[in-house]
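Colleague: What would the 3D arrangement of this be:
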Amino acid sequence: MRNAFAGIALPNAASVALHESVGFVELGRYRNVGFKLGAWRDSMWLQHALAELSAPPLAPVPLAGLAPEELQAALSPR
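Modeller: The predicted structure follows:
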């Protein structure tokens, strides 16, 4: 895996700040896609690069196959 993605219903400043604090960047927004709490809401999509791209990509490894330090390194912000 090379990227993580997140979708957030807006407005949600706390969730946006949390995601940005660990390296997510905004990809785009869908405008007026949901009706919640009496108003139309946007959805924000974010992306976080987990690793550099390689060509060709390595075969996927199950999370259960990673050593604890490898899992921690994979999930740590860069």
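
Colleague: From now on I want contacts and neighbour counts done on CA atoms only, so please keep to that.
Modeller: Noted.

Colleague: give me phi/psi at A51?
Modeller: phi -160, psi 160 (degrees, to the nearest 10).

Colleague: now the strands for the chain?
Modeller: Here the chain has its strands, by DSSP state E, at 3-9, 25-36, 39-49.

Colleague: OK, contacts around the nearest residue to M44 once chain neighbours are set aside?
Modeller: What sits nearest to M44 in space, not counting adjacent residues and going by Cα to Cα, 6 or more residues apart in numbering, is R29, at 4.5 Å. By Cα atoms under 8 Å, 6 or more residues apart in numbering, the contact set of R29 is 42-45.

Colleague: What is the nearest of those residues to S15?
Modeller: M44 (10.5 Å; Cα to Cα).

Colleague: hang on, isn't that closest one packed against N12?
Modeller: No. Contact criterion Cα atoms under 8 Å: M44 and N12 do not qualify, at 9.7 Å.

Colleague: And these two? Which one has more around it.
Modeller: Each of M44 and N12 has its neighbours counted (other Cα atoms under 10 Å); M44 has more, 19 against 11.

Colleague: How confident is the prediction for R78, by pLDDT?
Modeller: Note on R78: pLDDT of 64.

Colleague: From here on, call the first residue 9.
Modeller: Will do, 9 is the new start, and the previous item becomes R86.

Colleague: any idea how far H27 is from the residue lying closest to G31 once chain neighbours are set aside?
Modeller: Nearest non-adjacent residue to G31, counting by Cα to Cα, 6+ apart: H56, 5.8 Å away. Noted for H56: a distance of 9 Å to H27, by Cα to Cα, to the nearest Å.

Colleague: Could I get the pLDDT score of P65?
Modeller: On the pLDDT scale, P65 gets 77.

Colleague: sorry, back to before: overlap in contacts of H56 and H27?
Modeller: V33.

Colleague: who touches stretch 14-21?
Modeller: In contact with stretch 14-21 (Cα under 8 Å, 6+ apart) are residues 23-24, 49-55.
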